[in-house]
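# What would the 3D arrangement of this be:
(one chain, ligands or ions: 1)
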Amino acid sequence: MNANKRGALIVFEGCDRCGKTTQNRQLFELLTGKGVDTMQTNFPDRSTAIGNVINHYLQNNQELSDEVIHLLFSANRWERMNSIKKDLLAGTTVICDRYAYSGVAYSVAKGLDFNWCWAPEIGLLKPDAVFYLKATPDELTTRGNYGEERYEKLDFQRKVGQIFDRFSEKDSSYWHTFEASKSQQELHAQIAIVAEKIVMQSAEKPLGKLA
Ligand code: Z5A
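Residues are numbered from 1 along each chain as shown. You can find the predicted model right below:
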């Protein structure tokens with residue numbers, strides 16, 4: 001806990017199996033090893049009541065309209081906002097696997113309107129940095145367990161990737177793109193350099209909100 005300096009909110013985004021979980025874990029270990037108070041989290045958070053419904057949906061055990069599941073994914077973020085804010089203000093850096101951008105990318109890929117999808121995300125905490133692990137979805141199909149969940153179809157993932165590309169161009173001030181096809185070690189080394197700077201720079205800045 002640090003009374004004066006806040007933690008950084010760092011988000012990993014990208015298509016399925018791009019390596020977010022792997023890089024999230026490695027960054028957590030690096031920062032913790034350097035004495036930075038750090039926690040990992042992820043969306044969807046399947047541990048809550050809303051997350052439980054999302055989990056059934058993703059495993060193809062429950063049908064919901066595209067609009068309803070979109071709003072549930074967003075509500076799942078809102079139900080965690082106060083506790084994440086508290087952790088950040090207490091000086092803990094939060095590394096998050098997926099966030100509002102996944103919410104929009106997957107729903108727009110289904111055909112929903114971009115602005116309609118973004119609206120419920122407005123007001124959520126703004127990340128200090130988004131680390132986008134970019135790959136062509138074709139490169140990711142050989143990775144472990146690909147194809148088990150609802151969205152892991154190639155055409156769909158291509159559309160999702162296009163929305164992430166759109167965010168990375170629009171929000172280039174805080175989006176950092178990394179080549180997901182590189183080895184885990186190479187990626188980690190590149191991410192570590194940027195992450196350490198972000199942690200230092202964010203400490204003195206006020207928390208922002210998505211607009
Ligand atoms: N979704 C949504 O629609 N709306 C929302 O608001 C949110 C999410 C938040 C579940 O997300 C689904 O929910 C997701 C989007 C949607 N779509 N699907 N399906 P999730 O995050 O729980 O699940 P996921 O995207 O499938 O993540 P994942 O399986 O955890 O993949 P990952 O974290 O990106 O990758 P990984 O686990 O680190 O690595 C995958 C494999 O690749 C594994 O075998 C690794 O050893 C290997 N790997 C990792 N890095 C490398 C490199 N660099 N080279 C080679 N191999 C590697």
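# Just the buried residues of the strand or helix carrying residue 166, please?
Per DSSP states H and E, residue 166 falls inside helix 154-170. Within helix 154-170, the residues scored as buried using 16 or more other C-beta atoms under 10 Å are 156-157, 159-161, 163-164, 167-168. Bear in mind the C-beta positions are built from the backbone N, C-alpha and C, glycine included.
# Closest one to residue 135 out of these, please.
In terms of C-beta to C-beta, no member of these lies closer to residue 135 than residue 161, at 7.9 Å.
# Excluding chain neighbours, what is closest to that closest one?
Leaving aside its sequence neighbours, residue 161 sits nearest to residue 15 (C-beta to C-beta, 6 or more residues apart in numbering; 5.3 Å).
# what's the spacing between residue 125 and residue 102?
Using C-beta to C-beta, to the nearest Å, residue 125 is found at 15 Å from residue 102.
# which of those two has more neighbours?
Per other C-beta atoms under 10 Å, whichever of residue 125 and residue 102 has more neighbours is residue 102, with 24 against 21.
# Put the alpha carbons of stretch 44-61 into CSV.
Only the C-alpha atoms of stretch 44-61 are listed here, as CSV (Å, rounded to 0.1, in the frame of the first residue of the first chain):
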residue,chain,number,x,y,z
PRO,A,44,-15.2,-12.1,-18.0
ASP,A,45,-15.0,-12.7,-14.3
ARG,A,46,-16.8,-16.0,-14.2
SER,A,47,-16.8,-16.1,-10.3
THR,A,48,-19.8,-13.7,-9.9
ALA,A,49,-23.5,-14.4,-10.5
ILE,A,50,-23.4,-12.5,-13.8
GLY,A,51,-20.1,-14.2,-14.7
ASN,A,52,-21.8,-17.6,-14.1
VAL,A,53,-24.4,-16.8,-16.7
ILE,A,54,-21.7,-15.6,-19.1
ASN,A,55,-19.8,-18.9,-18.5
HIS,A,56,-22.9,-21.0,-19.4
TYR,A,57,-23.4,-18.9,-22.6
LEU,A,58,-19.7,-19.3,-23.7
GLN,A,59,-19.8,-23.0,-23.2
ASN,A,60,-22.9,-23.2,-25.4
ASN,A,61,-25.1,-24.3,-22.5
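# Test of understanding: give the bridge partners of the closest residue to residue 168 other than its chain neighbours.
Ranked by C-beta to C-beta, 6+ apart and with sequence neighbours excluded, the top spatial neighbour of residue 168 is residue 175, at 4.4 Å. Beta bridges link residue 175 to residue 130, judged by DSSP bridges.
# wait, what's in contact with residue 175?
The contact partners of residue 175, taken as C-beta atoms under 8 Å, 6 or more residues apart in numbering, are 129-130, 132, 167-168.
# For these, name the two members farthest from one another.
129 and 167 (12.9 Å).
# For the ligand, see how far away the residue nearest to residue 151 when sequence neighbours are not counted is.
In space, and not counting its chain neighbours, residue 151 is closest to residue 106: 6.2 Å by C-beta to C-beta, 6+ apart. Between residue 106 and the ligand the computed distance is 3 Å (C-beta to the nearest ligand atom, to the nearest Å).
# what angle sits between the helix or strand encompassing residue 106 and helix 154-170?
According to DSSP H and E, residue 106 maps onto helix 100-110. Put simply, helix 100-110 runs at 130 degrees to helix 154-170, going by axes from the mean of the first three to the mean of the last three C-alpha atoms, to 10 degrees.
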